[in-house]
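**Student:** Predicted model and sequence below, questions to follow.
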2 protein chains.
Amino acid sequence: MDIRQLFSGEQKDQKVTVRGWVRTFRANRFIALNDGSCLANLQCVVDFEKTPEEVLAEINTGAALEISGTLVESQGKGQLFEVQADSVTILGRSNPDEYPIQPKKHSLEFLREKAHLRVRTNTFAAVMRVRAALSFAVHQYFTQHGFYQVHTPIITGSDAEGAGEMFRVTTKDPSQKSDEPDFFGKETNLTVSGQLEAETYAMGLGKVYTFGPTFRAENSNTSRHLAEFWMIEPEVAFNDLDDNMDLAEDFIKSVLAYVLENCKEDLAFLDQRFAQEEAKKPQQERSPMGLIERLEFVTKNEFMRVSYTEAIAILRNSKPNKKKKFKYPIDAWGADLQSEHERYLVEKHFSSPVILFDYPAEIKAFYMRMNEDGKTVRAMDVLFPGVGEMVGGSQREERLDKLIERMRAMDIDEEELWWYTDLRRFGTAVHAGFGLGFERLVLYTTGMSNIRDVIPYPRTPLNAAF
Amino acid sequence: MDIRQLFSGEQKDQKVTVRGWVRTFRANRFIALNDGSCLANLQCVVDFEKTPEEVLAEINTGAALEISGTLVESQGKGQLFEVQADSVTILGRSNPDEYPIQPKKHSLEFLREKAHLRVRTNTFAAVMRVRAALSFAVHQYFTQHGFYQVHTPIITGSDAEGAGEMFRVTTKDPSQKSDEPDFFGKETNLTVSGQLEAETYAMGLGKVYTFGPTFRAENSNTSRHLAEFWMIEPEVAFNDLDDNMDLAEDFIKSVLAYVLENCKEDLAFLDQRFAQEEAKKPQQERSPMGLIERLEFVTKNEFMRVSYTEAIAILRNSKPNKKKKFKYPIDAWGADLQSEHERYLVEKHFSSPVILFDYPAEIKAFYMRMNEDGKTVRAMDVLFPGVGEMVGGSQREERLDKLIERMRAMDIDEEELWWYTDLRRFGTAVHAGFGLGFERLVLYTTGMSNIRDVIPYPRTPLNAAF
């Protein structure tokens, strides 16, 4: 039986058997046992006089034990129940001179080197349980709202963005020149987005979503970028940009509400951790809210919706722009927004998640619907404090002639995307969707500061360990 | 509002607006409209005298329409509700001379060439909705049973099976010889399994599962193989092989029960389709049960559990073996079972799903736990009628010395897998898990016969279209 279930107390005063790993062993008597099912350790009290010396000697941090005994109400503080152990069996030893995860504070950098063991710490176990809960919340939200999950291809011949560095997939050895045909008979890459294929399914099933890995072969070593990350991409027939904003907002609020409800213990721990980390920062860089407070704020308040044009006006007149504090000063409409601008809007000006929409066509992808003004497209980005862009989406260009025009202007291969343009030939309709970077959502929800710490085995330039 | 929701009848006698695609248009009056939310079309009755000629002329199969009118009880048979249309708007036209998905029977081969449009047919829409339901059922099952989903890496430097053809991932152009360092600074491949990484998480979180894409660069053009497919891999600390069999059986039964409960309309359609397809086969090749009957049989009956040794005895004494009908005759213990043998056991001998266990070590992977006999390992395969191997799993070798011994014997690189062996150094424990090929589950559930028809965009040798 899981320790999480034991804490319900239903087994009180009964014989139980638990298995888990030793977190600490104090006074030759108190074992803090953890089995990963929840954050809290189960205190198991051993009678050292009745326990063989050689067993006691092996009750070290990290050892796997099986303990049989009686579940009783605990007299000690900090736990409701404990086990009065009748017997302790060592399943797997853990040499304290060699085991790297000792009961002390390890740096996140150190733990990244031990990615196969780091989930044995409170912080990573809490992060990964919250990650799993968020993942389930995503599937539940869409299923309850009538969406069908679509598994779009990972290996692809097409490039949704018309740009973006991609990884090549091949059965050939890239260190050997060879003219043999490749496995698929043509150049293939790892997908950067399932959007285009998701659109084909939205135009048949109506409401669909993807939740799969996507890839960027970009040489960016930042705390917010991964070469391999998971993306959620809903796509809805007959939705326009307003519907799309409503969906993104409702979706994010719902999954956060799910974890607030279902991950109370882990979030309370991460909230404390967050407060400690924030306290180390200079006053003006600290988060104005605690972690849970911030999540509740997001679920309870409306996201600000601001057009790109309004945002430019705000930024132009902003203090940092006037005082030339921005690395990229904003002086004209049409400028691409940098991270510093997004942060200003979200963290300083609005202090809230912000949906920016109607961006200049010039700086956005070919498939976004052109507005009547002929210069902006129905694009939207959802920006969050701390993590920046969480969502990027748009209403799609459903008009064949306009789409082809944009593809030509942006040098997108029409022949390659014959199937994508077909959607505009046969029963085309207004539709919209977005992509949400799952790790950014986990980052925000857990209050971690580096994206490498919210995915089990991060892939970044020069790093594909494990 | 979705057509599926309209069929609940709550909107009866109210004004409604629906959007969808024309399946058929009869007698200049009856539009069968489908929006993908469910199998059934919504009949919309237009008054052709009040509808402009040019609108009527565009109500062609595949066109996207918006229809406003009153939802009323239907007088016609086959539907409970219909819409008496006040207005019809053509959102997107569909030229009947060009649109490939006409209201007639298309071959599955033809539709594979039109994979971007095939979900607009009843068969593919039903298959893909059932696929989505199965996918959700997987997440729900594990979440309700205390498992945490783990996103194991797609790009990997390790090879779980110690064999299996892999796809190379590179930022180099394989047609150009180059000595520049690659993106990750070493050779990387697409994962063939998340098992080894899942084990690292099971040894921290207790019960975990993966559900992600896996890859095989094998040149096999069969109706049961894909180069890219989705795999479900639970891994559980403290589970032995019996627990593992119990889990696999309960899991499969539960997800099938979920679709039987939640996909009644689509399954009824696929059941009919299955019966028609079976009727075309020679009598002795026909499935002894209908599709739904078969699914119910699986959920209600225990899987047969048969050791490899027993299976060999059965096969040896079987009619096809004695009459030399097997391509690979069974004469000695130790033979690897071929598809023909698995089919005989499952389809002829037991007429039920079968779990084979305790295979010869020689024919199984290095990480499987050695039995006390020193010649068999705690492996298991779950075999299903029609699709063959649905699940492969094992109790893992948790003893460091035995594991190393096997790695050496099988020429697995110990240095590369230092982190995997670390699990046996620090707090090792009995654990077990399995992999279930998701497309094989969808194949079985939907009664389709080619695996390329149960995934949106199949990847096979020389085929990465779309």
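**Tutor:** Structure received.
**Student:** all helices in chain A, in order from the N-terminus.
**Tutor:** Using DSSP state H, the helices of chain A run over A:3-6, A:53-56, A:108-113, A:122-144, A:195-205, A:241-262, A:264-279, A:291-300, A:308-316, A:319-322, A:339-343, A:400-409, A:418-425, A:438-446.
**Student:** can I get those helices in TSV with mean neighbour count, mean pLDDT and distance to B:P461?
**Tutor:** Where C-beta positions appear, they are placed from N, C-alpha and C, glycine not excepted. As requested, those are exported to TSV (neighbours: other CB atoms under 10 Å in any protein chain shown; pLDDT from 0 to 100; distance: least, CB to CB, whole Å):
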stretch	mean neighbour count	mean pLDDT	distance to B:P461
helix A:3-6	19	96	46
helix A:53-56	12	96	57
helix A:108-113	14	96	38
helix A:122-144	22	98	32
helix A:195-205	27	97	20
helix A:241-262	19	98	38
helix A:264-279	17	98	45
helix A:291-300	17	96	47
helix A:308-316	18	97	46
helix A:319-322	14	96	56
helix A:339-343	18	93	43
helix A:400-409	16	96	30
helix A:418-425	19	97	21
helix A:438-446	25	98	32
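**Student:** mind giving me CSV with the ones you listed and columns for distance to chain B?
**Tutor:** Below are those laid out as CSV (distance: least, CB to the nearest CB, whole Å):
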stretch, distance to chain B
helix A:3-6, 7
helix A:53-56, 15
helix A:108-113, 10
helix A:122-144, 4
helix A:195-205, 4
helix A:241-262, 9
helix A:264-279, 11
helix A:291-300, 20
helix A:308-316, 28
helix A:319-322, 36
helix A:339-343, 23
helix A:400-409, 9
helix A:418-425, 4
helix A:438-446, 8
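**Student:** what about the closest residue to A:K15 other than its chain neighbours, distance to A:Q79?
**Tutor:** Distance criterion CB to CB, 6 or more residues apart in numbering or on different chains; nearest residue to A:K15, sequence neighbours excluded, is A:T70 at 6.0 Å. Going from A:T70 to A:Q79 by CB to CB, to the nearest Å gives 15 Å.
**Student:** re earlier: the helices of chain A into JSON lines, with extra columns for distance to A:D453?
**Tutor:** Shown next, in JSON lines, are the helices of chain A (distance: least, CB to CB, whole Å):
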{"stretch": "helix A:3-6", "distance to A:D453": "24"}
{"stretch": "helix A:53-56", "distance to A:D453": "35"}
{"stretch": "helix A:108-113", "distance to A:D453": "6"}
{"stretch": "helix A:122-144", "distance to A:D453": "7"}
{"stretch": "helix A:195-205", "distance to A:D453": "28"}
{"stretch": "helix A:241-262", "distance to A:D453": "17"}
{"stretch": "helix A:264-279", "distance to A:D453": "11"}
{"stretch": "helix A:291-300", "distance to A:D453": "15"}
{"stretch": "helix A:308-316", "distance to A:D453": "31"}
{"stretch": "helix A:319-322", "distance to A:D453": "29"}
{"stretch": "helix A:339-343", "distance to A:D453": "20"}
{"stretch": "helix A:400-409", "distance to A:D453": "39"}
{"stretch": "helix A:418-425", "distance to A:D453": "37"}
{"stretch": "helix A:438-446", "distance to A:D453": "8"}
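**Student:** so which of the ones you listed gets nearest B:V442?
**Tutor:** Across the helices of chain A, B:V442 has its closest neighbour in helix A:195-205 (15.2 Å, CB to CB).
**Student:** Indicate the residue of the stretch 351-466 of chain A located nearest to chain B.
**Tutor:** Here the stretch 351-466 of chain A gets closest to chain B at one residue, A:T428, 3.4 Å apart by CB to the nearest CB.
**Student:** Next one: the closest residue to that residue other than its chain neighbours from B:W21, what distance?
**Tutor:** Excluding the flanking residues, the one nearest A:T428 by CB to CB, 6+ apart is B:G92, at 3.4 Å. Note on B:G92: its distance to B:W21, by CB to CB, is 8 Å.
**Student:** ok, those two, which is more surrounded?
**Tutor:** B:W21 (27 against 22; other CB atoms under 10 Å in any protein chain shown).
**Student:** OK, contacts around the more buried one?
**Tutor:** A:203-204, A:427, B:33-35, B:62-65, B:94, B:120 (CB atoms under 8 Å, 6 or more residues apart in numbering or on different chains).
**Student:** ok, and the closest non-adjacent residue to A:E218?
**Tutor:** Leaving out its chain neighbours, the residue that sits closest to A:E218 by CB to CB, 6+ apart is A:E165, at 4.9 Å.
**Student:** what sits against the one you found?
**Tutor:** Residues in contact with A:E165 (CB under 8 Å, 6+ apart) are A:216-219, B:171.
**Student:** what's the distance between it and A:E197?
**Tutor:** Per CB to CB, A:E165 is found 20 Å from A:E197.
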